[in-house]
Structures are given as C-alpha cells and as structure tokens.
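Asker: Sequence first, then the predicted structure:
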Amino acid sequence: MSAGAVHLEIEGAVARITFDRPAARNAMTWEMYDALSQHCDTLADAPGIRCAVLRGAGGASFVAGSDIAQFAEFEGGADGIAYEQKMDRILQALAAIPCPTLAVIEGLAVGGGLNIAAACDLRIATPDSRFGVPIARTLGNCLSMRNAARLSAMVGGSHARRMLLLGELLTVDDLAGTGFLTRVAAPEELDHVVARLTDKLCSNAPLTLRTSKEALARIEAVAPPDGRDLIATCYDSDDFREGIAAFTEKRTPAWRGK
C-alpha cells in the first residue's frame, strides 16, 4: 500500500494541510509524519498566513492513527520511547504554528489522528465522526504523558478514561458540552462552515490572534511528569508484539499482561 503523502497548499492567507492516504483511511506512515513536521516548520515562518486548515483526503476519515504495520520493526522499549518523543515534537510544532489551526474531521479521528486534532486550536466535525484511542484493544501500547495530558484537558478525565480504558470510540453527541468541537456540520454544509470560519479568522486582527494563541499556550505550558518508564513497559512487552501480530494476521489479540 502507498506510503501516502501530506500536502501543503497556500491560497492567499489560508494554508491547507491534507492527509492523503484514503485507501488506508489516511493512517499515518513515517513519511507522512516527516512531511507534517516539515509543513509545520514552513508555517512557523510563513508571512501573511492567517489560518491553517487540516483535513483528510477522501471525505471518509480525518486520520485513522499511525499505520500499525510499521511497528513490526520495533525491537523494544527504547524504540517506543524514541517514537513517542518524536510524536511529541511534531505535535508540539503543530500546536506552536503562530496562526490559528482548524481540524476538519469527517469519519475517524483516532489514535494519532485524535492527537493531531487535539493539537489544533479549533475543530469542526460531521455528525457521524468518531473519536478515540482504542490501543487497549488493538495494539497494547500507550500514550506519552504529554498526549495523555492534552487529551484529558480537551475532553475531560471521564471521557479520556472511556477512550483509554474501554477502548471506546466516542460520538459527537458524547463530546457535546466538552468544548472539544467548535462546530458540528452536516456533510453538505461542511465546506460552507469551514469557509465561514476561515473568513472570520482571516478578518480578525492577526497580531491579536497570534499573541492570544501564545498567551494561552504559556498559561497551559505545564510540563507533564516523566513517563518514559510507562512507555517502555508497553513497547517492551510481549503484548505489544502480540498486538502487531494480531493486526497483521487480522485476528483478535490474545493479551497475557506480559
């Protein structure tokens, strides 16, 4: 299957980042993560950009996590720590883009896809969208402390526990009232709602947007505790290797807690 791509297009004051691997529900490959990182670096210094829109290609999924097949190359906990640290750096670069960022979610935003959406400033979703981190029933790994903290802050501890402990995919209705979603729009209205929001962002005072975003980031900048021991526990386990094997063999994992 294709390694996929992440495209960056700039139209006037609006940057558009597209996750393009629809045959795999836009599941992220290492190449796609590297491209996202490069686009974040570009937008960090791009003059005249007033907002950035992130969207999945194909209209059926935002991002369905990281491609699990890639984890077969991991040899132990050190690989897991390096991976999670790299993801933290990329997501921090996304969150630090100076202009407001808007995630447009159709279908699945799970695993790495939910982390990407959570790192954006605003989120629009269609009514059939689903959100979750089903690693407890699929892969047997864990989130970094920073991603766990962001998820809990965004949706609340109770919803985070449903995602992480029960492996549930939450609905738009489940997340109503959490503030996670800025708008919910029917598929036929989605482009119009996106355009209306981007127009509003582009018409607002750019320095106010930039400094307000930075002020909120500084207020929220509490370094999470070191969680490398937790990451190593999962990525160095037989269960993690079983999760990868089960995915490859298209069967249910047989967890042993080792």
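Answerer: Perfect, thanks for sending it. Numbering: from 1, shown residues only.
Asker: what ranges do the helices span in this protein?
Answerer: 30-44, 77-95, 112-119, 135-138, 145-155, 157-165, 187-203, 206-220, 228-235, 238-249 (DSSP state H).
Asker: Of all the ones you listed, which one is nearest A57?
Answerer: With respect to A57, and counting by CB to CB, the nearest of these is helix 30-44 at 11.2 Å. No exception for glycine: its C-beta is placed from N, CA and C like everyone else's.
Asker: Now do the closest one: which elements does it pack against?
Answerer: Applying 3 or more CB pairs under 8 Å, 6 or more residues apart in numbering; DSSP states H and E, one finds that helix 30-44 contacts strand 5-11, strand 14-20, helix 77-95.
Asker: for those, which one ends up most surrounded?
Answerer: Greatest average neighbour count among those goes to strand 14-20 (a mean of 21), per mean count of other CB atoms under 10 Å.
Asker: hmm, who's touching that strand?
Answerer: 4-10, 26, 28, 32, 36, 39, 43, 46, 49-57, 62-63, 99, 198, 202 (CB atoms under 8 Å, 6 or more residues apart in numbering).
Asker: By neighbour count, sort out the buried ones in these.
Answerer: 4, 6, 8, 26, 28, 32, 36, 39, 43, 46, 49-57, 62-63, 99, 198, 202 (16 or more other CB atoms under 10 Å).
Asker: so where's the protein shaky on pLDDT?
Answerer: Applying pLDDT under 70 to the chain picks out residues 1.
Asker: one more time with 80
Answerer: Scanning the chain for pLDDT under 80 picks out 1, 222-223.
Asker: List the buried residues for stretch 249-258?
Answerer: Buried-residue list, stretch 249-258, by 16+ other CB under 10 Å: P253.
Asker: got a list of contacts for it?
Answerer: When contacts are defined by CB under 8 Å, 6+ apart, stretch 249-258 is touched by residues R137, T138, G140, S237, D238, D239, E242, G243, A245, A246.
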